[in-house]
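model the structure of this input:
(chains A and B)
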Protein chains: 2
Amino acid sequence: MTENGVTSRRGKVLTIDTINPSVKKVEYAVRGPIVQRAVQIEKELKEGAKKPFTEVIKANIGDAHAMGQQPITFFRQVLALCSYPELLDDPSFPEDAKSRARRILQSCGGRSIGAYSASQGIDCVRQDVARYIERRDGGIASNPDNIYLTTGASDGIVTILKLLVCGEGRTRTGVMIPIPQYPLYSAALMELDATQISYYLNEDSCWSLDISELRRSLAAAREHCNPRALCIINPGNPTGQVQSRQCIEDVIQFAAEEHLVLMADEVYQDNVYADGCQFHSFKKVLFDMGPEYSNTVELMSFHSTSKCYMGECGFRGGYMEVINMDPAVKEQLTKLVSVRLCPPVTGQALMDLVVNPPQPGEPSYTTFLKERSATLNVLAEKAKLTEKILNTVPGITCNPVQGAMYSFPKISIPERAVQEAKEKGVAPDMLYCMNLLEETGICLVPGSGFGQRDGTYHFRMTILPPTDKLKVLLDKVKEFHQHFTQQYS
Amino acid sequence: MTENGVTSRRGKVLTIDTINPSVKKVEYAVRGPIVQRAVQIEKELKEGAKKPFTEVIKANIGDAHAMGQQPITFFRQVLALCSYPELLDDPSFPEDAKSRARRILQSCGGRSIGAYSASQGIDCVRQDVARYIERRDGGIASNPDNIYLTTGASDGIVTILKLLVCGEGRTRTGVMIPIPQYPLYSAALMELDATQISYYLNEDSCWSLDISELRRSLAAAREHCNPRALCIINPGNPTGQVQSRQCIEDVIQFAAEEHLVLMADEVYQDNVYADGCQFHSFKKVLFDMGPEYSNTVELMSFHSTSKCYMGECGFRGGYMEVINMDPAVKEQLTKLVSVRLCPPVTGQALMDLVVNPPQPGEPSYTTFLKERSATLNVLAEKAKLTEKILNTVPGITCNPVQGAMYSFPKISIPERAVQEAKEKGVAPDMLYCMNLLEETGICLVPGSGFGQRDGTYHFRMTILPPTDKLKVLLDKVKEFHQHFTQQYS
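Sure thing, here's the model as predicted:
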């Protein structure tokens, strides 16, 4: 053997040319190159580099706590009690927190959150989720057997997509997703080697979903693949719209007629800010449409602990409700999730608290209500503020942020900048966001990472920074946009 | 439209015939039919059913806390402090727990474990993992950039397998796994549509790994696929052997010569009980073999918070260290893990504590040491007890449980029982375990769920039940085996 040995003569087993080609094609803009550069700039600042700014403001990801949002006290008390049950004897913890912790611990193997749970999730948590859904949907029954706890909503979505994938060539599974979309969808479909079917939201009408566009997109897709599912994100990410009841009904009818599984990403169900807007769950509308629909349409709905008023992303909690799933398929689903043993139990516990928060009369109720309202009210203010300020900038047009946590404004990019981007081999809005980052320290995600109509450009910006910081951020964006436009005119 | 509507005329979109065929082929015995039946029997008992036993004893899964093992106090204190930082002012918590919690919180966005972490894991945790590995391996350098925190070890293993998969037909990726194996491997390979290459452990020689068997298995596989990786589980699951240093060296040389990625599942690294046995990490041996190997062989090593002395399965914590991975591939890996955002932060925090436990001189040190030793000593006792009692049963042969948490004894099954199983369409050891469950309430997993040489039968049994219960369990198994043998003779 030579000094370099057998293996080095042959080179690596795993090289960029020999890894899974589907993995190579995956893109995930929310944590893409722009965010990597932001992290690098943060390090440079720490090491004393001189920049035109003193801190990086990350408005790239819906990470509420990182932006200073405070956790709900009750939730964290219960989690501390579950983690260290000796605290159950501590008189400084409220009784309702203790009783919640005891209930969760009693459902855990050996009364420890360190035990595996059932793969589908802890029994009592699934029961609480079902009861929450019933309350939310005006009494429509929810069966705990249809609830699967998940490792964040992403996990549930990928699992259902995994069930759906089959076929090759013209029979390959196609899945309809909105454009703009949350890039988990495109990434998962790429990884699973399924076909992405894009339907475009109508930017001129507050990012509404037009059934005619669904029809167009489906008809085109049927030429080359086998469309099997339709994904909806409501309230919208990255687009912030809230769907009307009528629109949801139309979508359900469309799915029924066209024989598609409905996947409803409803993780922002508490994040509705605009007057006249209201969250309608797909489940509720489905059941209101009568048994012809409620007994047949296969609907999967996803929720999470990461968004709404709690913003507990790090816990990776979530659930999905599967409706009208064939029992034999459900058996396969249960088997599939069992391979990963169980979702994190602390995330399950947190999910339980979200669906079963303090009730009127309980000691923690007032504080809980105050904390929840404070967070949601501030978010509503920031949603309005963002829209208002962005719309004062010539060359930026921003739809109302009706819900969720993001604005997705359209930006005009001068032709010379488009040319320069082309020469550099990057998307024009990537050039824009990269310049913004280097000049101001503000980290946004280019619209191209979410998809957009050809020739249009956008960025996604969270509304999560604290109000003063958000104002600074918006002013800087305004100034930058004017400067960028001049620079390239 | 008829009363049944459009969709019901067509039936479900997702049926057992139209789901992902790879999902259908997945099997996962550790939570398979026998465990489902055990859960059902538990319910029947609760509802007052009369059985020849009063409780189900689950020895099917390495779930320490569910079997009554107590968590390490220090770990849970820090987790409680991280969950509810108001406790940092509570004088009843020791200072070292507080300083650990502060350090973790300072590394979290917004100082909250509710924020997403970097997808690769929290910086300071990865640094602590690297330092742990350096101490473990006698000073061999570990780079935090090579550490990826994971959602349990399973997540890391599946992620690496995902990178490896490519090709079709004769160029399809093949992965060598031991037989018997932990069924995560076969399940993941099935799901990813890769080829399982089985190499058999040598039962007659304490489940040792023979290089000649690796050669045989690889040569046979090269006829029909493209072998790219070799998985090793050490200490062994389900087989409980601990590999010798020499054997590890031979395996590394084999992998180098045959151009295979090495995947070392080392989650039981603290679970070594037998005299004369010692855990040697693949990393340490690789580097001891000199630069010819240490600069070339691609090695991925996996660890977890779920096993060893802590047994914190529910937190889904883990890490992997990737050595000699091509930088371009590492970039792809980092991108791939970013799609799922981050591993659960509480699991990351726990991983940090495992690799950076209380040190001499710190207030929690003595208690920590006492708790850890107590757990490991009891496990060592139970390992010996299990082997001893099982070997008193005619028709059961049990190798020493040198490490990990399981015994995997060979059982003789009378020909008439084999026939009956065949008629019922189940594996003979499944019939055995199912009868055992129905007659005694003991839940074990049949050897067929892990793989075994044709014509041999086994079961996997954890050594985790408390000593008195374990004795009862072993006596019942003994009695059952004698009865089963008579019944079918």
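
please count neighbours and contacts with C-alpha atoms only from this point.
Fine.

what residues of stretch A:219-235 count as buried?
A:Ala221, A:Cys225, A:Asn226, A:Pro227, A:Arg228, A:Ala229, A:Leu230, A:Cys231, A:Ile232, A:Ile233, A:Asn234, A:Pro235 (16 or more other CA atoms under 10 Å in any protein chain shown).

show me the contacts for the third one.
Neighbouring residues of A:Asn226 by CA atoms under 8 Å, 6 or more residues apart in numbering or on different chains: A:Arg170, A:Thr171, A:Arg172, A:Thr173, A:Gly174.

go through those and name the one nearest chain B.
Of all the contacts of A:Asn226, chain B sits closest to A:Thr173, with 9.6 Å by CA to the nearest CA.

make TSV out of the buried residues of stretch A:219-235 and add distance to A:His458.
Compiled in TSV, the buried residues of stretch A:219-235 are given as follows (distance: CA to CA, whole Å):
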residue	distance to A:His458
A:Ala221	26
A:Cys225	30
A:Asn226	31
A:Pro227	28
A:Arg228	30
A:Ala229	27
A:Leu230	24
A:Cys231	22
A:Ile232	20
A:Ile233	19
A:Asn234	20
A:Pro235	19
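
which one among those residues gets closest to chain B?
Looking at the buried residues of stretch A:219-235 and their distance to chain B, the nearest is A:Arg228, at 7.0 Å (CA to the nearest CA).

dump the residue contacts of that closest one.
By CA under 8 Å, 6+ apart, the contact set of A:Arg228 is A:Leu164, A:Thr173, A:Gly174, A:Val175, A:His259, A:Leu260, A:Val261, B:Val13.

note down every partner strand of the host helix or strand of it and its orientation.
Secondary structure assignment for A:Arg228, by DSSP states H and E: strand A:226-233. Its sheet considered, strand A:226-233 pairs with strand A:173-179 (parallel), strand A:261-265 (parallel) by DSSP bridges.

show me how to select, in ChimeraX, the buried members of the contacts of A:Asn226.
Per 16+ other CA under 10 Å, the buried members of the contacts of A:Asn226 correspond to this ChimeraX selection:
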select /A:172,173,174
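
in chain A, which helix is the longest?
Assignment by DSSP state H gives helix A:365-390 as the longest helix of chain A.

what are the buried residues along that one?
Quick answer for helix A:365-390 (16+ other CA under 10 Å): A:365, A:368, A:371-372, A:375-376, A:379-380, A:382-390.

following the helix or strand in which A:Tyr132 is found, which helix or strand comes up?
A:Tyr132 is located in helix A:123-136, with elements delineated by DSSP H and E. Later in the chain than helix A:123-136, the nearest helix or strand by DSSP H and E is strand A:147-150.

which strands and helices lie in contact with that next one?
For strand A:147-150, the elements it packs on are helix A:123-136, strand A:318-323, judged by 3 or more CA pairs under 8 Å, 6 or more residues apart in numbering or on different chains; DSSP states H and E.

possible to save the ones you listed as TSV with mean neighbour count, mean pLDDT and distance to chain B?
Below are those laid out as TSV (neighbours: other CA atoms under 10 Å in any protein chain shown; pLDDT from 0 to 100; distance: least, CA to the nearest CA, whole Å):
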stretch	mean neighbour count	mean pLDDT	distance to chain B
helix A:123-136	20	97	12
strand A:318-323	25	98	11
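
can you redo the ones you listed as CSV with distance to B:Asp454?
Shown next, in CSV, are the helices and strands packed on strand A:147-150 (distance: least, CA to CA, whole Å):
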stretch, distance to B:Asp454
helix A:123-136, 39
strand A:318-323, 40
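
B:Val35: which of the ones you listed is closest?
Evaluated with CA to CA, the helices and strands packed on strand A:147-150 place helix A:123-136 nearest to B:Val35, the distance being 15.8 Å.

what sits up against the closest one?
Helix A:123-136 has contacts (CA under 8 Å, 6+ apart) with A:104, A:107, A:140-145, A:147-149, A:348-349, A:351-352, A:355-356.

angle of that helix against strand A:318-323?
Angle of helix A:123-136 versus strand A:318-323, following axes from the mean of the first three to the mean of the last three CA atoms, to 10 degrees, is 70 degrees.

near chain B, which residues of the stretch 51-200 of chain A show up?
Residues of the stretch 51-200 of chain A found near chain B (CA under 8 Å from any CA of the partner chain) are A:63-69, A:71, A:73, A:76-77, A:79-81, A:83-84, A:108-117, A:154-155, A:162-166, A:184, A:187.

for the stretch 251-400 of chain A, which residues are neighbours of chain B?
A:256-257, A:259-261, A:292-293, A:296-298, A:311-316, A:325-326, A:328-329, A:332, A:335-336, A:338-340, A:342-347.

from these, list just the buried residues.
A:256, A:259-261, A:292-293, A:296-298, A:311-316, A:325-326, A:329, A:332, A:335-336, A:338-340, A:342-347.

quick revisit: following element in sequence after the longest helix of chain A, please.
Downstream of helix A:365-390, the next assigned helix or strand under DSSP H and E is strand A:396-397.

the helix or strand that comes right after that following strand pairs with which strands?
The helix or strand immediately downstream of strand A:396-397 is strand A:406-407, counting by DSSP H and E. Strand A:406-407 sits in its sheet next to strand A:459-462 (antiparallel), going by DSSP bridges.

run the chain-centre distance for stretch A:382-397.
Centroid separation between stretch A:382-397 and its chain, computed with CA atoms, centre = their mean, to the nearest Å, is 23 Å.

stretch A:482-489 now?
33 Å.

what's the average pLDDT for it?
Computed over stretch A:482-489, the mean pLDDT rounds to 93.

can you check stretch A:345-354 too?
Stretch A:345-354 comes out with an average pLDDT of 98.

these two touch, right, A:Asp63 and B:Tyr116?
Yes: assessed by CA atoms under 8 Å, A:Asp63 is found in contact with B:Tyr116 at 6.4 Å.

quickly list what's touching both of the two.
Common contact partners of A:Asp63 and B:Tyr116 (CA under 8 Å, 6+ apart): A:Cys313.

which one's more surrounded, those two?
Using other CA atoms under 10 Å in any protein chain shown, the more surrounded residue of A:Asp63 and B:Tyr116 is B:Tyr116, with 30 against 27.

for stretch A:429-439, list every residue counted as buried.
A:Asp429, A:Met430, A:Leu431, A:Tyr432, A:Cys433, A:Met434, A:Leu436, A:Leu437, A:Glu438.

just stretch A:472-489 next, same as before
Using 16+ other CA under 10 Å as the test for burial, stretch A:472-489 gives A:Leu473, A:Leu474, A:Lys476, A:Val477, A:Lys478, A:Phe480, A:His481, A:Phe484, A:Thr485.
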